[in-house]
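Enquirer: Just to be clear, the model below is a prediction. Sequence and coordinates:
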Number of protein chains: 2
Amino acid sequence: MTNAYHPHNHKHCIEEALQEARSLCKDKGARLTPLREKVLELVWQSHSPIGAYDVLAELGRLEERAAQPPTVYRALDFLMEHGLIHRLSSLNAFIGCSHPGEQHNSCFLICEKCRVTQEIEHLGIEASLKDCAQSQGFQIKDSSVELSGLCPNCLGADTE
Amino acid sequence: MTNAYHPHNHKHCIEEALQEARSLCKDKGARLTPLREKVLELVWQSHSPIGAYDVLAELGRLEERAAQPPTVYRALDFLMEHGLIHRLSSLNAFIGCSHPGEQHNSCFLICEKCRVTQEIEHLGIEASLKDCAQSQGFQIKDSSVELSGLCPNCLGADTE
DNA sequence: TTCATAATTGTTATAATATAACGTATTTTG
DNA sequence: CAAAATACGTTATATTATAACAATTATGAA
Ligand SMILES: [Zn+2]
Ligand SMILES: [Zn+2]
Ligand SMILES: [Zn+2]
Ligand SMILES: [Zn+2]
């Protein structure tokens, strides 16, 4: 399985994310239940953000009894608490974390054409955010940095 | 009128924002109708973000016939299009732009205690965001940088 | 093991945010 | 003025998220 941004075997991404999640949760004594793992897998379906109700719909295609919103939101909350996924507030959607476990203030590059979203750790950004906050005497507790535009692939398609 | 962050006469902020909005709209041939101006004034009520439904409620206290959501959302859309307000996606709320007219990619410092929100232009952040995007071959069209935490005033109150 | 407790999930209802669609009124312009 | 464009009113509904409580399952101490 591939996507337009990076041709690659995406099953590897999914399997790796699941393995790492299992390992991290085991270490922390957090219970990665079958439901939570399934939701994580659905979020990792692609490198594009997915909405809670889309997760819900996918879940409904698999289970007999359709799950209800709180079920999905609780699983998503668990995954966020443990740093396994991120919520993109500019899209009301969720995406798998590309480097869970490590403390990080990420920046997201969101392609508005193909929706592929890349999570980037950029030291310059982190430093300048800290600098900005410090100069104002502000203590950052949480940061949301979401850049939307065109990814290299979609830019190329435009000009070619 | 004051707020906890900066003791100041907030009526000046409001009046200045309204004056500048009138002037900018006139220059651009955009119609700052009474409704739109009223909504802008309500958004400028404070230095904290305000939700669309709160604007709606305030509007309802003034008008005889209660306005409906589309009325408010259309006014907010107009004000955003013309750079007079910003939407904070992490809060689903709106705030007056502190320097309309100039093209800018702002960063918001949102106090999670008193809700006072400051819009900052920080050249280091803008530069590092550009640098990040460029290194990925990504073309930024829109940026959302929202930092939440504690403002200097609330930090002081904690330690004192 | 067995019971008590805590954690998870199910279920129903509803809150909060936002937009579609269409009709009416107002403004602008030729 | 008449035509066209723009703005606003109105109703209905879509989308995202949570409250509240019941049922179930896992955990751990006795
Ligand atoms: Zn992949
Ligand atoms: Zn991450
Ligand atoms: Zn003020
Ligand atoms: Zn601004």
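Expert: That came through, no problem. Numbers count the residues shown, from 1 in each chain, chains lettered A, B, ... in the order given. Ligands and ions are numbered 1, 2, ... in the order given.
Enquirer: Pull up the gap between the residue in chain A that DNA strand C sits nearest to and residue A:18, please.
Expert: Taking Cβ to the nearest atom of the strand, DNA strand C has its nearest neighbour within chain A at residue A:33, 3.0 Å off. Where C-beta positions appear, they are placed from N, C-alpha and C, glycine not excepted. Residue A:33 sits 13 Å away from residue A:18 when distances are taken as Cβ to Cβ, to the nearest Å.
Enquirer: more crowded one of these two?
Expert: The residue with more neighbours, out of residue A:33 and residue A:18, is residue A:18; 18 against 12, by other Cβ atoms under 10 Å in any protein chain shown.
Enquirer: circling back: and the gap between the residue of chain A closest to DNA strand C and DNA strand D?
Expert: Noted for residue A:33: a distance of 7 Å to DNA strand D, by Cβ to the nearest atom of the strand, to the nearest Å.
Enquirer: Chain A: helices as residue ranges?
Expert: A:10-28, A:34-43, A:52-62, A:69-81, A:123-136, A:152-159 (DSSP state H).
Enquirer: Just list what the last one packs against, helices and strands only.
Expert: Here helix A:152-159 is seen to pack against no other helix or strand when contacts are counted using 3 or more Cβ pairs under 8 Å, 6 or more residues apart in numbering or on different chains; DSSP states H and E.
Enquirer: Same question for it: list its buried residues.
Expert: Residues A:153, A:154, A:155 are the ones in helix A:152-159 that count as buried (16 or more other Cβ atoms under 10 Å in any protein chain shown).
Enquirer: Show me the contact partners of that helix.
Expert: Contacts to helix A:152-159, defined as Cβ atoms under 8 Å, 6 or more residues apart in numbering or on different chains, come from residues A:4, A:5, A:111, A:113, A:114, A:116, A:150, B:136, B:137, B:138, B:139.
Enquirer: mind checking which helix or strand of chain A has the lowest mean pLDDT?
Expert: Lowest by mean pLDDT, DSSP states H and E among the helices and strands of chain A is helix A:152-159, with a mean of 81.
Enquirer: what's the distance between that helix and the middle of its chain?
Expert: Centroid separation for helix A:152-159 versus its chain: 24 Å, with Cα atoms, centre = their mean, to the nearest Å.
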